[in-house]
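J.: predicted model and sequence follow; I will ask about them next.
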Amino acid sequence: MFKGEELEEICVEETTGTGHVAEIVVYNDEINTFDWVIQCFMEILQHTSEQAEQLSLIVHTKGKATVKTGPRTDLQPKKDALVDRGLSAVLEDRS
């Protein structure tokens, strides 16, 4: 980097051209344990344990949380996997 040159950080939402941007929303329930929800978020969504724990607390306290955003076609199988494991999850188009 040259003297006086500024590095500008640009935050871009990555889309791979595989569909419209959507988000997985998970709703709170009285069935699943924190440990199970955290495990599901880590295994299916590849969240870190810290991310998964924070998201599970948000779901619990606020009733729902957006847990993943990306191309709809990439998220559909992830949403289905969460539902298959007993979580209340929906896929919503991002406005």
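T.: On my side now, so go ahead.

J.: hey, where'd the strands end up in the chain?
T.: 21-27, 64-71, 88-93 (DSSP state E).

J.: may I see those strands organised as TSV, with mean pLDDT and mean neighbour count added?
T.: For every residue, glycine as well, the C-beta is placed using N, CA and C. Formatted as TSV, these follow (pLDDT from 0 to 100; neighbours: other C-beta atoms under 10 Å):
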stretch	mean pLDDT	mean neighbour count
strand 21-27	97	19
strand 64-71	97	18
strand 88-93	97	16
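
J.: quick one: closest of the ones you listed to Glu43.
T.: strand 64-71 (12.8 Å; C-beta to C-beta).

J.: list the strands paired with that closest one, with their directions.
T.: strand 21-27 (antiparallel) (DSSP bridges).

J.: the strand it pairs with vs strand 88-93, what angle?
T.: 160 degrees (axes from the mean of the first three to the mean of the last three C-alpha atoms, to 10 degrees).

J.: what's next to strand 21-27, contact-wise?
T.: Where contact means C-beta atoms under 8 Å, 6 or more residues apart in numbering, the residues beyond strand 21-27 that reach it are 13, 15, 37, 45, 55, 59, 63-72, 75, 78-79, 82, 87-94.

J.: try 7 Å this time
T.: 13, 15, 59, 63-72, 75, 78-79, 82, 87-94 (C-beta atoms under 7 Å, 6 or more residues apart in numbering).

J.: let's have the strands of the chain in JSON lines, adding distance to Glu50.
T.: Listed next are the strands of the chain as JSON lines, based on distance: least, C-beta to C-beta, whole Å:
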{"stretch": "strand 21-27", "distance to Glu50": "17"}
{"stretch": "strand 64-71", "distance to Glu50": "14"}
{"stretch": "strand 88-93", "distance to Glu50": "21"}
